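> would you be able to build a 3D model of this:
(chains A and B)
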Amino acid sequence: MNKRKINKIFYEGLLRDNPVFYQILGICSTLAVTNLVKNTLVMCFGLIFTLSLSNLTVSVLRKLIPSRIRMMVEVLVISCYVIIVDIIFKAYVPEISSELGPYVGLIITNCIVMGRAEAFALNNPPGLSLFDGLASGLGYSYVLLTISVFRELMGSGTLLGFRVMGDWWTNWSIMVMAPGAFFMLAVFIWIIKGVIIKEDKK
Amino acid sequence: MSEGMLSFAIFFAAIFTNNILLTNYLGMCSFLSVSREVKTSVGLGFAVTFVMAVTSVLNYLAYYYILVPFNIEYLRYIVFIVIIAAFVQIVEMIIERVSDTLYLSLGIFLPLITVNCAILGVSLFMVIREYSLLSSFAYGFGSGIGWFLAILAMAGIRQKTSRARIPRGLEGAGIALIIAGIMALAFMGFSGMIDIN
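The predicted model follows:
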């Protein structure tokens, strides 16, 4: 493995090909778990774990998987890791696990995980695939964390449960509800795309 | 409330007050990518409604008659996704044989459905909320119709606005998300009508 390749993978995963704001994948969980920073942190851990390990496994098995049933094999590999994540969460962070509800299980159908397995792990050696999973997972995580910081700050005036805003702050309850999530992500994409368009013009 | 009445309430709640797309954010990926034209979104909407209604019942039976007796509930993710994938595959093969027109209008959307998170989401919610068999069917069917309604409205709006001048950074996904946000605001007007949970 050379360093340049790994650098390129991280650059693409974090910025140029970011799964959330560039490829618009994995939007369901982006919107659903970002109402509190705490939930988002736990969810990001789950996704990074699943994504990097399933990428590694699919890549190790890539020469053995018949191409006709490859989707099925990928889904099974992913669901095994999701079960592990679910059991870990239930054991160590039971309250957050019950708040996340079905969204931990829905990592299985998170398009990012399937997409990386299809697009990268099937044609690349295990080491690189692991890094690719890590890069995409981190790219996903920082977008979610940014959104959740703003949503929690504006919606409840707190950060990680600690009161940050003073008494003068009136909570924007819309931010923790569904429409706020849609607007927040749209604004985030708008800003990022504006920066990218400006860079391309130069 | 009797069983039938409760299921009826769940059915309506799944369409309006607890719309799976606009309050639970499920099925966003295909919602954003397929909602450019009314015609294709109708096809996908029908396919999703049908698969959702049937798989919620199949998964209910598998969960309460196979997984619970053997005490292996933690395997539900694998079992649910396999049942959904197998069902979608079978339906695809059947309609390919039976009707060409149906295959052309519906069949091309079926592979997309296996990875539609709304389908798996309905089955997972059904387990978490401990619905009965009838309620599960009502919830699956209602959620399908709710999703259909949302994507249809979205496609209609996007077709109308396709020529509008939008800031460049908002083109595509950005404006679609803002429209979805406004639709979610509108659907919040239904809240308080029925309450399930």
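> contacts only, for residue 139.
No chain in the question, so chain A it is. A:Gly13, A:Leu14, A:Leu15, A:Asn18, A:Pro19, A:Val20 (Cβ atoms under 8 Å, 6 or more residues apart in numbering or on different chains). Backbone N, C-alpha and C define where each C-beta goes, glycine included.
> chain B was what I was after
B:Ile10, B:Phe11, B:Ala14, B:Ser56, B:Val122, B:Phe125, B:Met126, B:Tyr131.
> A helix includes the second one, no?
What that stands for is B:Phe11. Yes. Counting by DSSP: H, G, I helix; E, B strand; the rest coil, B:Phe11 is part of a helix.
> now do the helices in the chain.
As the question left the chain open, I've gone with chain A. Using DSSP state H, the helices found in chain A span residues A:3-11, A:27-32, A:37-60, A:70-92, A:94-100, A:111-116, A:126-156, A:173-176, A:178-201.
> that answer is for a different chain, and I need it for chain B
For chain B, the helices defined by DSSP H occupy B:3-15, B:28-34, B:38-62, B:76-98, B:100-106, B:110-114, B:117-128, B:133-161, B:173-188.
> can you tell me the average pLDDT over the shortest one?
Spelled out, that is helix B:110-114. Mean per-residue pLDDT for helix B:110-114: 73.
> got any ranges where chain B has weak pLDDT?
Counting by pLDDT under 70, chain B has low-confidence residues at B:1, B:106-108, B:195-197.
> please list all residues in contact with the residue of it found nearest chain A.
The nearest approach of chain B to chain A comes at B:Gly181, 3.1 Å away (Cβ to the nearest Cβ). Shown in contact with B:Gly181 (Cβ under 8 Å, 6+ apart): A:Ala178, A:Pro179, A:Gly180, A:Ala181, A:Phe182, A:Phe183, A:Ala186.
> repeat the analysis, applying 6 Å as the threshold.
Counting by Cβ atoms under 6 Å, 6 or more residues apart in numbering or on different chains, B:Gly181 makes contact with A:Pro179, A:Phe182, A:Phe183.
> next one: B:Tyr25
Counting by Cβ under 6 Å, 6+ apart, B:Tyr25 touches A:Cys28, A:Leu31, A:Ala32.
> ok, for whichever residue of chain A sits closest to chain B, nearest residue in space, not its chain neighbours?
Scanning chain A for the residue nearest chain B gives A:Phe182, at 3.1 Å (criterion: Cβ to the nearest Cβ). In space, and not counting its chain neighbours, A:Phe182 is closest to B:Gly181: 3.1 Å by Cβ to Cβ, 6 or more residues apart in numbering or on different chains.
> now do A:Pro19
Here the residue nearest A:Pro19, using Cβ to Cβ, 6+ apart, is A:Ile112, at 4.5 Å.
> could you do B:Met154 as well?
Nearest non-adjacent residue to B:Met154, counting by Cβ to Cβ, 6+ apart: B:Ser35, 4.4 Å away.
> got a list of what that neighbour touches?
Residues near B:Ser35 by Cβ under 6 Å, 6+ apart: B:Ser41, B:Ile151, B:Met154, B:Ala155, B:Arg158.
> most neighbours out of the contacts of B:Gly181, which is it?
A:Phe182 (25 neighbours; other Cβ atoms under 10 Å in any protein chain shown).
> residues from chain A in reach of chain B?
A:24, A:27-28, A:31-32, A:75, A:79, A:82-83, A:101-102, A:105-106, A:108-109, A:111, A:114, A:178-179, A:182-183, A:185-186, A:189-190, A:193-194, A:197 (Cβ under 6 Å from any Cβ of the partner chain).
> among the residues you listed, which ones are buried?
Among those, those that count as buried by neighbour count (16 or more other Cβ atoms under 10 Å in any protein chain shown) are A:24, A:27-28, A:31-32, A:75, A:79, A:82-83, A:101-102, A:105-106, A:108-109, A:111, A:114, A:178-179, A:182-183, A:185-186, A:189-190, A:193.
> pLDDT below threshold where in chain A?
Applying pLDDT under 70 to chain A flags the ranges A:1.
> center of it, which residue is that?
A:Tyr140 (3.6 Å; Cα atoms, centre = their mean).
> wouldn't that one be in contact with A:Phe21 here?
No. A:Tyr140 is not in contact with A:Phe21 according to Cβ atoms under 6 Å; the separation is 9.9 Å.
> now A:Val176. Nearest residue, chain neighbours left out?
Setting aside the residues directly before and after it, A:Val176 is nearest to A:Gly155 in space (Cβ to Cβ, 6+ apart), at 3.7 Å.
> touching, the one you found and A:Met177? I think so.
No. At 8.2 Å, A:Gly155 does not count as touching A:Met177 under the criterion of Cβ under 6 Å.
> on that earlier part again, which of the contacts of A:Gly139 has the largest number of neighbours?
The most crowded member of the contacts of A:Gly139, judged by other Cβ under 10 Å, is A:Pro19 (27 neighbours).
> contacts only, for that one.
A:Pro19 makes contacts with A:Leu25, A:Gly26, A:Ile112, A:Ser136, A:Gly139, A:Tyr140, as judged by Cβ under 6 Å, 6+ apart.
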